[in-house]
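K.L.:
Return a 3D structure for these sequence lines:
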Amino acid sequence: MLQAIDLSKRYEDGILALDALNLEIKEGEVFCLLGANGAGKTTTINLFLDFIEPSGGQAMINGIDATKDPLEAKKHVSFVSENVMLYGNFTARQNLDFFAKLGGKRNLSKEDYYMHMREVGLQEEAFEKKLKTFSKGMRQKVGLTIAIIKDAPNILLDEPTTGLDPKAASELLQILFQQKKLGKSILMCTHDIFRAKAIADRVGIMKEGRLVMVRTREELLEDDLEKIYMAYMQEMIITGQ
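P.N.:
As a prediction, this is how the structure comes out:
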């Protein structure tokens with residue numbers, strides 16, 4: 001489970017990037033955060049990962065404070081970023097082997113890695129090719145495979161569909177559906193309204209570091225998320241924010 005409790009971040013230049021966020025994502029739930037650049041989405045992810053320190057409040061991962069006990073908290077979360085940072089001169093399998101062992105998984109065989117790469121839809125001819133030859137979609141699949149191998153109960157994703165073609169984006173959602181069925185808590189920050197509607201149990205909109213709207217899947221059947229989001233975007237344009 002992921003919890004933000006009055007979670008806040010004010011940077012050194014005085015900008016309040018996150019303002020007392022309260023959020024709970026339960027086991028088997030997908031929560032999508034929508035918002036413009038600078039709304040606080042990535043700041044939220046970075047606080048859960050202890051990449052930055054909060055100005056106030058807590059980021060909790062399975063009941064563990066990510067700031068007070070970051071090493072223990074990170075055992076319970078996997079992260080997939082917009083631009084997956086992998087080793088270009090390693091093959092796909094070598095990248096999996098490196099990161100799996102880094103995460104304490106030392107008993108996996110080559111066939112285990114192949115099985116997991118098949119699960120995410122990576123073509124078999126790519127298993128032993130170097131990552132520097134891969135498309136962005138292929139690199140995302142390797143990143144997702146690393147997250148799946150870690151088998152953490154929580155998954156954080158920051159703009160995972162950006163730059164992916166429709167087929168690759170659809171395949172990514174199918175993988176996330178599978179992880180949801182396994183009981184994972186999933187927080188995905190995205191600009192992709194269509195994908196958010198397709199996968200989310202709940203959708204939230206962030207503005208100026210505040211969570212200004214939350215809708216459940218059932219409520220989204222009655223509301224027009226595109227109109228709500230565009231109204232929010234238009235308000236930002238009019239007010240010059």
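K.L.:
shaky segments in the chain?
P.N.:
Where the chain drops to pLDDT under 70, the residues are 222-224, 229-241.
K.L.:
So which residue is dead centre in it?
P.N.:
By CA atoms, centre = their mean, the chain has its centre lying nearest to Leu157, at 1.0 Å.
K.L.:
quick one, phi/psi of the nearest residue to that residue once chain neighbours are set aside?
P.N.:
The shortest distance from Leu157 to any non-neighbouring residue, by CB to CB, 6 or more residues apart in numbering, is to Met188 (4.3 Å). For every residue, glycine as well, the C-beta is placed using N, CA and C. With angles defined as degrees, to the nearest 10, Met188 sits at phi -120, psi 120.
K.L.:
So which residues of this structure form helices?
P.N.:
Ranges of helices in the chain, per DSSP state H, are 41-48, 70-74, 92-102, 110-119, 136-150, 166-181, 193-199, 217-222, 225-239.
K.L.:
what does the shortest one contact?
P.N.:
Helix 70-74 has contacts (CB atoms under 8 Å, 6 or more residues apart in numbering) with 49-50, 61-62, 64-66.
K.L.:
so Asp192 makes contact with Thr161?
P.N.:
Yes: with contact defined as CB atoms under 8 Å, Asp192 counts as touching Thr161 (5.0 Å).
K.L.:
Overlap of the contact sets of these two?
P.N.:
Ala169.
K.L.:
Please say which of those two ends up with more neighbours.
P.N.:
Taking neighbours as other CB atoms under 10 Å, Asp192 and Thr161 compare with Thr161 leading, 23 against 19.
K.L.:
Could you chop the chain up by domain?
P.N.:
The chain is divided into the following domains under automatic domain parsing: 2-76+153-239, 87-151.
K.L.:
hang on, the earlier thing: go through the contacts of helix 70-74 and name the one nearest Gly143.
P.N.:
Within the contacts of helix 70-74, the smallest distance to Gly143 is 14.5 Å, found for Leu49 (CB to CB).
K.L.:
since we're on the closest one, how many residues are nearby?
P.N.:
19.
K.L.:
what's the nearest residue to it if we skip its chain neighbours?
P.N.:
Leu49 sits nearest to Phe79 (CB to CB, 6+ apart), 6.0 Å away.
K.L.:
hey, what's the one you found bridged with?
P.N.:
Taking DSSP bridges as the rule, Phe79 bridges to Leu156.
K.L.:
That one: what's it in contact with?
P.N.:
45, 49, 147, 155-158.
K.L.:
what's the distance between it and Ala36?
P.N.:
Per CB to CB, to the nearest Å, Phe79 is found 22 Å from Ala36.
K.L.:
repeat for Leu172
P.N.:
Remark: distance between Leu172 and Ala36 (CB to CB) = 22 Å.
K.L.:
Comparing these two, which residue is more hemmed in?
P.N.:
Just comparing Leu172 and Ala36: by other CB under 10 Å the higher neighbour count belongs to Leu172, 24 against 18.
K.L.:
Contact partners for the more buried one?
P.N.:
Listed by CB under 8 Å, 6+ apart, the contact set of Leu172 reads 140-141, 144, 160-161, 164.
K.L.:
For those, pick the one with the most neighbours.
P.N.:
For those, neighbours were counted using other CB under 10 Å, and Gln140 has the most, 29 neighbours in all.
K.L.:
Surely it and Asn83 touch.
P.N.:
No: checked against CB under 8 Å, the pair Gln140 and Asn83 is beyond contact range at 9.3 Å.
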